[in-house]
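K.L.:
Kindly generate the corresponding structure for this input.
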Amino acid sequence: MKTVTLYTDGACSGNPGPGGWGAILEFNGHEKELSGGESSTTNNRMELTAVIEGLSALKEPCIVELYSDSKYVIDALEKGWARGWKSRGWVKSDKTPALNPDLWEKLLRLADTHELHCHWVKGHAENAKNNRCDQMAVAQSKKCRGGY
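P.N.:
Purely as a prediction, here's the structure:
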């Protein structure tokens, strides 16, 4: 399997509010930037959408090194929380409803297709690719707000 690196970030102005996401796929010295936004969403939905869109752009099963500054996404994947929520009918261990089951459903399906290795990175720090994803996400959220 090919090894691909995926950097992702989501942004939201207000929570909920206009939001955006950005993703960068790297393979064999080539980069592909993806981004998009929604007029009314949440930060976590944009974080999830960035990962989903990045993985969806892959044309075959790959080993994916995922870099995200979202503890929500990384922990739910790495610690098995999302699969637990799904097995309990999208209910968390504290009996409250799990948020974003529609997006988690898509992401778990994609995670089953690819071999996903998750890496948490500090947001707004030294990781240039994560910072670029943040720039794209913020630009998309401004577009959805009518910011330019």
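K.L.:
Show me the helices in the chain, by range?
P.N.:
Secondary structure of the chain (DSSP state H): helices at 43-56, 71-78, 81-87, 101-113, 128-145.
K.L.:
Please convert these to JSON lines, extending it with mean neighbour count.
P.N.:
Backbone N, C-alpha and C define where each C-beta goes, glycine included. Compiled in JSON lines, the helices of the chain are given as follows (neighbours: other C-beta atoms under 10 Å):
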{"stretch": "helix 43-56", "mean neighbour count": "24"}
{"stretch": "helix 71-78", "mean neighbour count": "18"}
{"stretch": "helix 81-87", "mean neighbour count": "16"}
{"stretch": "helix 101-113", "mean neighbour count": "16"}
{"stretch": "helix 128-145", "mean neighbour count": "20"}
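K.L.:
can you list those in JSON lines and add distance to residue 28 and mean pLDDT?
P.N.:
JSON lines is the format used below for the helices of the chain (distance: least, C-beta to C-beta, whole Å; pLDDT from 0 to 100):
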{"stretch": "helix 43-56", "distance to residue 28": "16", "mean pLDDT": "98"}
{"stretch": "helix 71-78", "distance to residue 28": "25", "mean pLDDT": "97"}
{"stretch": "helix 81-87", "distance to residue 28": "30", "mean pLDDT": "97"}
{"stretch": "helix 101-113", "distance to residue 28": "20", "mean pLDDT": "98"}
{"stretch": "helix 128-145", "distance to residue 28": "16", "mean pLDDT": "94"}
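K.L.:
For residue 3, find the nearest of those.
P.N.:
Closest to residue 3 of the helices of the chain is helix 43-56 (C-beta to C-beta; 13.9 Å).
K.L.:
what sits up against the closest one?
P.N.:
6, 8-12, 15, 19-25, 34, 36-38, 64, 66, 68, 70, 72-73, 99-100, 103-104, 106-107, 110-111, 113-114, 133, 137, 141 (C-beta atoms under 8 Å, 6 or more residues apart in numbering).
K.L.:
can you rerun that using 6 Å?
P.N.:
6, 8, 10, 12, 15, 19, 21, 23, 25, 34, 70, 72-73, 100, 103, 106-107, 110 (C-beta atoms under 6 Å, 6 or more residues apart in numbering).
K.L.:
repeat for stretch 15-29
P.N.:
Stretch 15-29 is contacted by residues 4-12, 31-43, 46, 49-50, 53-54, 129, 133, 136-137, 140-141, 144-145 when judged by C-beta under 6 Å, 6+ apart.
K.L.:
No further queries at this time; thank you.
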